[in-house]
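Colleague: sequence and predicted structure, then a few things I'm wondering about:
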Amino acid sequence: MELRHLRYFVAVAEEKSFNKAATRLYISQPPLSRQIKQLEDEVGVTLIDRENRPLKLTEAGEFFYDHAIEILKKSDDLRAMTIRKGNFDNTLSIGFVSSILYGLLPKVIAHFREAYPNIEIKLYELNSWQQTQGLIDGKIDVGFGRLLFEDASIRRMVLREESLVVAVPIGHPLAKEGRTSLRLIDLTNENLLLYPTAPRPSFIDYVLELFEARKLKANYFTEVRELHVALGLVAAGEGLTIVPKTLEHLRNQEVTYIPFEDGLITSPIVMSVRHFDKSELLKTLLNVTYQIYDAEGFDYKKERI
Ligand code: BEZ
């Protein structure tokens, strides 16, 4: 069985007609029918019920179709990703979500530059879903995010779990009382400013799930476009927000950051790369990250590229 057979079969399955599929594939109908027959002979079952018009897939055909499109997608991804590797041009392109930029990313890049002063680094602000696409299309070589999307072509590594903290306006009772730690239950009746509104699922859904997992509900929350807006509104006394601990230096004239009592209120730092990409640049990027973790005394689990 060859990829060509899968492409032909998928075209017939989607067009529900040999004629239309042949037009889509720029071939004539008799060779297309022959190829599909060959395929059916090889797998030993009928995939297309030819009795009906428009054509219908048999149950085995439906099963074969679902797997065929997955295999074709993997083969297309493999082509795009190999082209990207073959055209390697002394650059390392990094996708990141904005909260990562306010955390350790600048330090990681500075250390990487010391190791590879001649490599140009390109930075792209991309959400976790866009990072997956960027890795497949070859726009980026590595992504740093906070959500664990599944994709067969991408390898995700959780570098560490970062503690979350509550950003509270300095005039708020929780700040004035001098609270040194909080629980999620303390926030159920506060106006929570959650971000980003799009695309979903986002950090908003992650935070709401933290409540749900503890059988709690955030009764009052407002969705805002992004992190800076949430922090600006906290500074203006509009409500509270939840941010990763590495951001607790932001706006600290107007905002105080209170840790959670429960050490399990964390957000993962996720590094995404193309599966089987074993480039030296990526290995160095991971190693400098570990050096920074060691220097800062962070807990983490070592991964290998
Ligand atoms: C971190 O915060 O752990 C991190 C951020 C950017 C790159 C690598 C790690």
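Modeller: Yep, it's here. Numbering: from 1, shown residues only.
Colleague: is the residue in the stretch 201-305 of the chain that the ligand sits nearest to bridged to anything, and to what?
Modeller: Closest residue of the stretch 201-305 of the chain to the ligand, CB to the nearest ligand atom: residue 269 (4.0 Å). C-beta here means a position set from N, CA and C on the backbone, and glycine is covered the same way. Beta-bridge partners for residue 269, by DSSP bridges, are residue 160.
Colleague: wouldn't it be in contact with residue 163 here?
Modeller: No - using CB atoms under 8 Å, residue 269 is not in contact with residue 163; the gap is 11.4 Å.
Colleague: what residues does the stretch 151-300 of the chain have near the ligand?
Modeller: The interface of the stretch 151-300 of the chain toward the ligand, taken as CB under 6 Å from any ligand atom, is made up of 159, 160, 246, 269, 289.
Colleague: okay, those residues in CSV with neighbour count and pLDDT next?
Modeller: As requested, these are arranged in CSV below (neighbours: other CB atoms under 10 Å; pLDDT from 0 to 100):
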residue, neighbour count, pLDDT
159, 20, 96
160, 18, 95
246, 20, 91
269, 25, 95
289, 24, 96
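Colleague: what separation do you get for the residue nearest to residue 131 when sequence neighbours are not counted and the ligand?
Modeller: Of all residues not flanking residue 131 in the chain, residue 143 sits nearest, at 3.2 Å (CB to CB, 6 or more residues apart in numbering). Residue 143 is 10 Å from the ligand, where distance means CB to the nearest ligand atom, to the nearest Å.
Colleague: and for residue 180?
Modeller: On the measure of CB to the nearest ligand atom, residue 180 and the ligand end up 24 Å apart.
Colleague: do you know how far that residue is from residue 261?
Modeller: As for residue 180, its distance to residue 261 is 9 Å (criterion: CB to CB, to the nearest Å).
Colleague: again, but for residue 45
Modeller: From residue 45 to residue 261 the distance is 60 Å (CB to CB).
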